[in-house]
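>>> Build me a model:
(chains A and B)
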Amino acid sequence: GQQLNQSPQSMFIQEGEDVSMNCTSSSIFNTWLWYKQDPGEGPVLLIALYKAGELTSNGRLTAQFGITRKDSFLNISASIPSDVGIYFCAGQAGRTGTASKLTFGTGTRLQVTL
Amino acid sequence: DSGVTQTPKHLITATGQRVTLRCSPRSGDLSVYWYQQSLDQGLQFLIQYYNGEERAKGNILERFSAQQFPDLHSELNLSSLELGDSALYFCASSSKEGLYAEAFFGQGTRLTVV
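Below is the predicted model:
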């Protein structure tokens, strides 16, 4: 099935550093979501974006809905050890039927060293 | 705790067998979605139900089927299992149809086919 291209695939950073990751698609999405998944757990929603150009923050996390509606970015500021995990972007094309399904990115694995 | 309960957490079974995975959505949520997560495929949408009716279908194999019962719990049936069906299976629930921003994921069922 279709997947969104997410980069980087993995990153090792030091505590306190800022992190950036992005997600691109060949098709337009009308909603972009960012999830974090810890080992053995289900994905947890971090940020939801509904409008092209929208910039939304959730604590140290900031995400943007790309103006073309084909990409999205997630930034984490001043990373801490508990930021470790896999971050997934997800896009939704519409609100009903098959268009409402979430298409997930390939994931960015984040590891934070002290 | 997302409020979405999946059972069992782990399942080991042999090729050719059939298994049933169960999902209890959050109280009051009418929508249930099933996803498959394998190492090389990321999170793949399988199927969605809303208030007992199938609403959207992803790349779900013909050997797989699902249903949502009047009490809103859902079951995913996997039959004629193959080694490649080994994966994490997640369900998510939402209070509305198609509004994924409110979708909460369960902890998943890890299926191992031997």
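>>> Roughly how far does B:Q48 sit from chain A?
7 Å (CB to the nearest CB, to the nearest Å). Placement of C-beta: from N, CA and C, glycine included.
>>> For the host helix or strand of that residue, which helices and strands make contact with it?
Taking DSSP states H and E as the definition, B:Q48 sits inside strand B:42-50. Contacts defined by 3 or more CB pairs under 8 Å, 6 or more residues apart in numbering or on different chains; DSSP states H and E place strand B:42-50 against strand A:85-92, strand A:102-104, strand B:31-38, strand B:53-57, strand B:64-68, strand B:74-78.
>>> Among these, show the one with the smallest mean pLDDT.
Ranked by mean pLDDT, those bottom out at strand A:102-104, with a mean of 85.
>>> hmm, it touching chain B?
Yes - Strand A:102-104 is in contact with chain B by CB under 8 Å from any CB of the partner chain, via A:102-104.
>>> per-residue confidence at B:P25?
B:P25 is assigned 96 on the pLDDT scale.
>>> tell me which residues form a beta bridge with residue 37?
Reading this off chain A. A:I86 (DSSP bridges).
>>> could you do chain B instead?
B:L43, B:L88.
>>> Please name every helix or strand in contact with the lowest-mean-pLDDT helix or strand in chain A.
Least confident helix or strand, chain A: strand A:102-104 with a mean of 85, by mean pLDDT, DSSP states H and E. Other helices and strands packing on strand A:102-104, by 3+ CB pairs under 8 Å, 6+ apart, are strand A:85-92, strand B:42-50.
>>> mind listing what's buried in the first one?
Going back to what we said before, that points to strand A:85-92. A:85-92 (16 or more other CB atoms under 10 Å in any protein chain shown).
>>> what's the answer for stretch A:14-29, then?
A:19, A:21-25, A:29.
>>> How far does that stretch stretch from one end to the other?
33 Å (CA to CA, to the nearest Å).
>>> For it, what does the pLDDT average out to?
94.
>>> hmm, that stretch touching chain B?
No - among the residues of stretch A:14-29, none lie within reach of chain B under CB under 8 Å from any CB; the closest is 10.9 Å away.
>>> For that stretch, give me every contacting residue.
A:2, A:4-8, A:11, A:13, A:32, A:68-81, A:83, A:87, A:89, A:91-93, A:103, A:105, A:108, A:110, A:112-114 (CB atoms under 8 Å, 6 or more residues apart in numbering or on different chains).
>>> same check, this time on stretch A:42-50
So stretch A:42-50 is contacted by A:30-38, A:56-58, A:61, A:63-65, A:72, A:74, A:87-88, B:2, B:4, B:43, B:90, B:92, B:101, B:103-108 (CB under 8 Å, 6+ apart).
>>> Run through the residues of chain A sitting next to chain B.
Near chain B, when you scan chain A using CB under 8 Å from any CB, you find A:1, A:3, A:31, A:33, A:35, A:40-45, A:48, A:50, A:88, A:90, A:92, A:94-107.
>>> Give the buried subset of those residues as a PyMOL selection command.
The PyMOL selection below is limited to those of the residues of chain A next to chain B classed as buried (16+ other CB under 10 Å):
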select buried, chain A and resi 31+33+35+42+43+45+48+88+90+92+100+101+102+103+104+105+106+107
